[in-house]
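1. Just the structure for this:
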Amino acid sequence: MDKKNALRAGALAAGTTLMMLLMSSPALALTRDDGDDPGKGLSVADTLGLFVAAPIVLFLVIAGLVMVTDKTRKRAEQG
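-> Reported below is the predicted structural model:
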C-alpha cells in the first residue's frame, strides 16, 4: 500500500512539473514590454564576479566577523 502511494505522489509531481514547463513559454521573454529599457549585457567575468566571487567574499567577511567577535572561546580559555 505504501509503494502505491509513493508511485501516485511521484506521478503527480512529474505531471505537475511537466505542465508547469509546458505552460511557461520562454518565447514570451523575447517580446518587449512598454517601458522596458535593458542595459548592456554582462561579460563572463562580470557574471562570475557578481554571482560567484561576491557571495563567497561576503560569506568569508561575515564568517570572519563572527569568529573575531566570538566571546565563548575567550570564556572557555579563561575558566
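2. so how far is stretch 16-25 from its chain's centroid?
-> 20 Å (CA atoms, centre = their mean, to the nearest Å).
3. Quick check: longest helix in the chain by residues?
-> When the chain is scanned for its longest helix (criterion: DSSP state H), the result is helix 2-23.
4. Off-centre distance for that helix?
-> What separates the centre of helix 2-23 from the centre of its chain is 24 Å, taken as CA atoms, centre = their mean.
5. do stretch 61-70 as well
-> So, by CA atoms, centre = their mean, the centroid of stretch 61-70 is 24 Å from its chain's centroid.
6. where does the spatially most central residue of the chain fall, helix, sheet strand or coil?
-> Nearest to the mean C-alpha position of the chain, by CA atoms, centre = their mean, lies Phe51 at 9.9 Å. Following DSSP: H, G, I helix; E, B strand; the rest coil, Phe51 is assigned to helix.
7. Tell me which helix or strand comes right after the longest helix of the chain.
-> helix 44-48 (DSSP states H and E).
8. Go ahead and produce CSV holding the CA coordinates of that following helix.
-> Provided in CSV are the C-alpha atoms of helix 44-48 (Å, rounded to 0.1, in the frame of the first residue of the first chain):
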residue,chain,number,x,y,z
VAL,A,44,31.6,36.3,-18.4
ALA,A,45,34.0,37.9,-15.9
ASP,A,46,31.3,40.3,-14.7
THR,A,47,28.8,37.4,-14.3
LEU,A,48,31.3,35.2,-12.4
